[in-house]
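Engineer: the sequence and its predicted three-dimensional model are supplied below.
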Amino acid sequence: MDGRKALEAEVDFRAAPEVPLRAGVGAAAGLPVWLAVLAGLLGPVLAEVRTLLEPASTDPDAGLPLIAVVVGVVELAAWVGAGWLALQRRPGALGFAAVAAAAAVVGVVACPTTGHHSAVATWWYAELAVCVVALAGTIAALRWWAARSTRTAGS
């Protein structure tokens with residue numbers, strides 16, 4: 001029971017057979033690197049673009065309405081989820097990226113109602129367009145991944 005017999009056995013462990021991975025198991029099931037990078041960085045990049053498009057606030061000392069705080073927390077949590085799962089190349093990163101983009105759209109739509117800016121102008125339409133394109137892109141990526149996963153599981 002001390003393991004001497006196992007140590008004395010002359011077995012060449014390099015001759016062990018390789019077992020191929022099934023489709024959809026391990027790294028083969030992960031997101032492509034380019035898609036994981038896009039999903040993980042979508043939230044912060046979208047926030048930076050939105051910051052560049054928005055004019056200065058009319059009253060920077062004004063308190064934020066509850067809706068803005070809730071949408072902001074949801075968006076930040078979605079960024080963290082997308083980033084974490086993208087590092088692992090997990091498909092859930094696309095879902096979190098879609099939630100982040102949807103929260104950004106809600107934030108842009110709610111912006112004029114908060115009184116944070118004095119008027120809606122071209123910057124608002126540009127910001128809305130960027131956020132809607134990001135949301136559409138994440139939904140398209142989710143649909144592509146679902147179709148790809150279905151094809152590989154069926155073959």
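Structural biologist: In hand now; what should we look at?
Engineer: next, the buried residues of the longest helix along the chain.
Structural biologist: When the chain is parsed with DSSP state H, its longest helix is helix 122-154. Of the residues in helix 122-154, 124, 126-128, 130-132, 134-135, 138, 141-142, 145 count as buried by neighbour count, 16 or more other CB atoms under 10 Å. C-beta: built from backbone N, CA, C; applies to glycine.
Engineer: as a markdown table, these with distance to Lys5 and pLDDT would be great.
Structural biologist: As requested, these are exported to a markdown table (distance: CB to CB, whole Å; pLDDT from 0 to 100):
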| residue | distance to Lys5 | pLDDT |
| --- | --- | --- |
| Trp124 | 77 | 93 |
| Ala126 | 75 | 96 |
| Glu127 | 72 | 95 |
| Leu128 | 73 | 96 |
| Val130 | 68 | 97 |
| Cys131 | 67 | 97 |
| Val132 | 69 | 97 |
| Ala134 | 63 | 97 |
| Leu135 | 63 | 97 |
| Thr138 | 58 | 96 |
| Ala141 | 55 | 95 |
| Leu142 | 55 | 94 |
| Trp145 | 50 | 92 |
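Engineer: closest one to Pro44 out of these, please.
Structural biologist: Pro44 has its nearest neighbour among these in Ala134, at 11.9 Å by CB to CB.
Engineer: leaving out chain neighbours, which residue sits closest to the closest one?
Structural biologist: Ala101 (4.3 Å; CB to CB, 6 or more residues apart in numbering).
Engineer: just to revisit the earlier point, what packs against the longest helix of the chain?
Structural biologist: Applying 3 or more CB pairs under 8 Å, 6 or more residues apart in numbering; DSSP states H and E, one finds that helix 122-154 makes contact with helix 33-53, helix 92-114.
Engineer: next up, the contacts around the residue nearest to Ala134.
Structural biologist: Leu42, Gly43, Leu46, Cys131, Ala134, Leu135, Gly137, Thr138 (CB atoms under 8 Å, 6 or more residues apart in numbering).
Engineer: closest to Val105 out of the residues you listed?
Structural biologist: Of the contacts of Ala101, the one sitting nearest to Val105 (CB to CB) turns out to be Cys131, at 4.6 Å.
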